[in-house]
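J.: I'll drop the sequence and a predicted model, then ask my questions.
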Amino acid sequence: MSSKERPLFQSLRGFGAASLAQDLTAGVTLAAIAIPEQMATAHLGHFPPEIGFLAFIAGALGFAVCGASRYLSAGADSTITPIFAGGLVLLAATGSPAYAALAALLALMVGIVVAVAGWLRMGWISSLLSVPVTSGFLAGISVHILASQLPAVLGLPAGSAELLSRFAYLFSNIGHANLYTLALGLGVFAITFGGEKLNSRIPCALIGVALAATAAFLFGLQQRGVPVLGRIGLPLPSLRFSAIGLQDVFHLAPLAFLIALVVMVQTAATTRSFPSELETAPDVDRDFVGVGMGSIIAGLVGAFPVNASPPRTAISVQTGARTQMTGLFAAILVGTLAAFGSGLLAYVPDAALAGVLLFVAQRILQLHLFRTVLRESRGEFALILATAAAIVILPIDEGVALGVLLSLLHGIWTATRARLVEFERVPGTSIWWPANKDIAGEKLPGVLVVAFQAPLSFLNADDFRRGFSAAIGHAQAPLALVVLEASSIVEIDFTAARVLEEAIRRARSAGAIFAVARLESVRAQEALERFGITALVGRGFIYRSVAQAVEALLPAGGPPQRQLG
């Protein structure tokens, strides 16, 4: 059954009396983790904390209705927040009604793009960012989070909006840091970091924030230059599009597509990392629809785009969640706190939320992956550095766009590295294998077996043409048979089909029969039919193995079989 045909509330399948206790317990833990995280992420995007709560509630509701995963947690996310905040600040002043309206519009646009991508079964889009580019992207985001939160930890003004200038300003003024904010921020970071190492299910961020708020209340730290949140309340959901014009949609469109791509990559990674059923492949497309619907609801209630959260999803799994009722229970608890317990949050210091974000920044900085890539592929390590540098040096949305471009160029470069290789027979067997100095092989007189170990497309068609011509030219005369071992050719496009047609005629002009062996890809088989290559080669000259082709076309002691065309 396709994702289009499935009914709503798939993520609640299996919920009942037996799972109620587990989902409720997991929901309480998830809420305890989410409360400080959602406040901190809202702070990161220049929004009041209650907007972060709205985003979490919208994400949980949208995904529970339209998603498939029984574990995935959607809500405000520190990966995408610096990106869209950096784009929105170019269009409106932070804290202004226009800024809030543009954020809500962006959430609506991102949600539509992600949901439509899922409905059209475009889960493959999530593969557009390679692992090195993604890790470089996260490293750049980590630096942005660090730069945005250090002023709150140090008790200093934010300084320049330009990232490198801000670091220079903070370094030159570090002697004027407020020791109280520094102690609070680093204390919350230490509690959260240490607690994560001991047991990630303990809501250490909430404990740290609660201790910081208690200290601020008991010792009157506001009078010592420590800013606090003040009273907050869950706002009534409201549409904020009255002042929005069509030109704003055009201005936000590039940013919306970038955010949507990042959301799809992270959603796919989360879904695949925490499958609901081990025996069934995760429904990435359906989860796109769920996360997209979460952003749509967030936009309609006046919040900002939401994203799948790998850490919160991991918490749901570790605490025994059975269905998305876990997320709904957590959303109810978060909403209840925001609506009726705002006094409890009034004394939360800004530095405490900054401490939570410093923890997030170090968590998404994948240093272990950097070391692995550096050891195994220095070229791809350069991709990490280039992507991170682009996001740090350029405006963040432009840096992300450049990271996407680098990932695509890397993929294209990889595809174009394919070269034609010659096969030899392993002595005493019917196995044909790529020529290798470490494996003794033998060639049969008059037989040339070649392979192209990549999809055959316009990207590498010229390489195939040159390699094939060179192989024909270097073959020992008289050449009687050319076999294309096609097991790795999973796709053939129009340009490549024309080049393959040239190769067939080139082999025949050299006096050889042309045959194809091990064309296993159904898509490639259909392409050969569609482009007329099957008719040109002849169905009787397409074989399941190289040995079968050689035996049939060059029988021992007899002339080669005649090939028409």
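T.: All right, it came through fine.

J.: need the contact list for residue 441.
T.: 424-427, 433, 435 (C-beta atoms under 8 Å, 6 or more residues apart in numbering). Using the backbone N, CA and C atoms, a C-beta is placed for each residue, glycine as well.

J.: go again using 10 Å as the cut-off
T.: If you count contacts by C-beta atoms under 10 Å, 6 or more residues apart in numbering, residue 441 has them with 422-427, 431-435.

J.: tally of neighbours for residue 258?
T.: By the measure other C-beta atoms under 10 Å, the count of residues near residue 258 is 22.

J.: Off-centre distance for the helix or strand bottoming out on mean pLDDT in the chain?
T.: When the helices and strands of the chain are scored by mean pLDDT, DSSP states H and E, helix 342-345 comes last with a mean of 77. Between the mean C-alpha location of helix 342-345 and the chain-wide mean there is a distance of 36 Å, by C-alpha atoms, centre = their mean, to the nearest Å.

J.: And it, what does it pack against?
T.: Identification of packing neighbours for helix 342-345 by 3 or more C-beta pairs under 10 Å, 6 or more residues apart in numbering; DSSP states H and E yields helix 17-44, helix 49-66, helix 204-218, helix 325-340.

J.: That one: what's the following helix or strand?
T.: helix 350-364 (DSSP states H and E).

J.: Work out for me the element residue 165 sits within.
T.: When secondary structure is defined by DSSP H and E, residue 165 falls within helix 163-172.

J.: Now tell me what touches that helix from outside.
T.: Looking at helix 163-172 with C-beta under 10 Å, 6+ apart, the contacting residues turn out to be 86, 140, 143-144, 146-148, 150-151, 153-154, 156-160, 162, 177, 391-396.

J.: That helix: what's the following helix or strand?
T.: Beyond helix 163-172 in the direction of the C-terminus, DSSP H and E gives the next helix or strand as helix 179-198.

J.: buried residues in that following helix?
T.: Neighbour-count burial for helix 179-198 flags 180-181, 183-185, 187-189, 191-193, 195-196 (criterion: 16 or more other C-beta atoms under 10 Å).

J.: same thing with stretch 208-223?
T.: Neighbour count says stretch 208-223 has 208-210, 212-213, 215-216, 221 buried, by 16+ other C-beta under 10 Å.

J.: likewise stretch 411-421?
T.: In terms of neighbour count (16+ other C-beta under 10 Å), stretch 411-421 has its buried residues at 411, 418, 420-421.

J.: And the helices in the stretch 451-565 of the chain?
T.: For the stretch 451-565 of the chain, applying DSSP state H, counting those that start in this stretch gives helices covering 461-474, 494-509, 522-530, 533-537, 546-553.

J.: Looking at those, spot the one closest to residue 58.
T.: The stretch from these with the least distance to residue 58 (C-beta to C-beta) is helix 522-530; that distance is 39.8 Å.

J.: In a helix, residue 249, correct?
T.: Yes. Going by DSSP: H, G, I helix; E, B strand; the rest coil, the assignment for residue 249 places it inside a helix.

J.: So it versus residue 536, what's the distance?
T.: Residue 249 sits 50 Å away from residue 536, going by C-beta to C-beta, to the nearest Å.

J.: More neighbours: which of the two?
T.: The residue with more neighbours, out of residue 249 and residue 536 and counting by other C-beta under 10 Å, is residue 536; that gives 18 against 14.

J.: Which residues are in contact with that one?
T.: In this structure, residue 536 makes contact with 497, 500-501, 504-505, 508, 514, 528, 564-565, judged by C-beta under 10 Å, 6+ apart.

J.: which among those residues end up buried?
T.: Burial of those was assessed by neighbour count (16+ other C-beta under 10 Å); the buried members are 497, 500, 504, 514, 528.

J.: What subset of the contacts of residue 441 is buried?
T.: Judged by neighbour count, with 16+ other C-beta under 10 Å as the criterion, the buried members of those are 422-425, 432-433.

J.: List just the nearest of the residues you listed to residue 25.
T.: Of all these, the one with the least separation from residue 25 (C-beta to C-beta) is residue 433, at 56.9 Å.

J.: Now do the phi/psi pair for the closest one.
T.: Here the main-chain torsion angles of residue 433 (degrees, to the nearest 10) amount to phi -140, psi 150.

J.: thinking again about what came up before, now the buried residues of helix 179-198 as a markdown table including pLDDT and distance to residue 473?
T.: As requested, these are exported to a markdown table (pLDDT from 0 to 100; distance: C-beta to C-beta, whole Å):
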| residue | pLDDT | distance to residue 473 |
| --- | --- | --- |
| 180 | 96 | 79 |
| 181 | 97 | 74 |
| 183 | 97 | 76 |
| 184 | 97 | 75 |
| 185 | 96 | 70 |
| 187 | 97 | 73 |
| 188 | 96 | 70 |
| 189 | 97 | 66 |
| 191 | 96 | 71 |
| 192 | 95 | 66 |
| 193 | 94 | 64 |
| 195 | 91 | 68 |
| 196 | 87 | 63 |
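
J.: Any chance of JSON lines for the residues you listed, columns distance to residue 386?
T.: Rendered in JSON lines, the data for those read as follows (distance: C-beta to C-beta, whole Å):
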{"residue": "180", "distance to residue 386": "40"}
{"residue": "181", "distance to residue 386": "35"}
{"residue": "183", "distance to residue 386": "38"}
{"residue": "184", "distance to residue 386": "37"}
{"residue": "185", "distance to residue 386": "31"}
{"residue": "187", "distance to residue 386": "36"}
{"residue": "188", "distance to residue 386": "33"}
{"residue": "189", "distance to residue 386": "29"}
{"residue": "191", "distance to residue 386": "36"}
{"residue": "192", "distance to residue 386": "31"}
{"residue": "193", "distance to residue 386": "29"}
{"residue": "195", "distance to residue 386": "35"}
{"residue": "196", "distance to residue 386": "30"}
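
J.: right, and residue 21 touches residue 320 too?
T.: Yes. At 9.1 Å, residue 21 counts as touching residue 320 under the criterion of C-beta atoms under 10 Å.

J.: Of these two, which one has the most company?
T.: The residue with more neighbours, out of residue 21 and residue 320 and counting by other C-beta under 10 Å, is residue 320; that gives 15 against 11.

J.: Which residue comes closest to the more buried one once chain neighbours are left out?
T.: residue 22 (4.5 Å; C-beta to C-beta, 6 or more residues apart in numbering).

J.: In this structure residue 308 contacts residue 282, no?
T.: No. In this structure, residue 308 is not within contact of residue 282 by C-beta under 10 Å, at 11.8 Å.

J.: So which of these two has more stuff around it?
T.: When residue 308 is set against residue 282 and neighbours are counted by other C-beta under 10 Å, the residue ahead is residue 308, at 31 against 20.

J.: So what pairs up with the more buried one in the strands?
T.: Taking DSSP bridges as the rule, residue 308 bridges to residue 74.

J.: List the contacts of it.
T.: With contact set as C-beta under 10 Å, 6+ apart, residue 308 has these partners: 59, 63, 67, 69, 72-75, 77, 79, 263-271, 274, 287-288, 290-291, 294.

J.: low-scoring stretches of this structure, by residue?
T.: For the chain, applying pLDDT under 70 flags the ranges 1-6, 161, 233-243, 278-279, 342, 555-565.

J.: Nearest residue to the middle of it?
T.: residue 265 (2.2 Å; C-alpha atoms, centre = their mean).

J.: Can you spell out which helices and strands pack onto the helix or strand where that residue lies?
T.: Assigned by DSSP H and E, residue 265 falls within helix 246-273. Contact analysis of helix 246-273 by 3+ C-beta pairs under 10 Å, 6+ apart lists strand 74-75, helix 81-88, helix 97-119, helix 131-154, helix 284-300, strand 307-308, helix 310-318, helix 396-416 as its packing neighbours.

J.: which of the ones you listed is buried the deepest?
T.: Per-residue neighbour counts averaged over each of these give the maximum for strand 74-75, namely a mean of 34 (mean count of other C-beta atoms under 10 Å).

J.: In terms of secondary structure, what does that one contact?
T.: Applying 3+ C-beta pairs under 10 Å, 6+ apart, one finds that strand 74-75 makes contact with helix 17-44, helix 49-66, helix 246-273, helix 284-300, strand 307-308, helix 310-318, helix 325-340.
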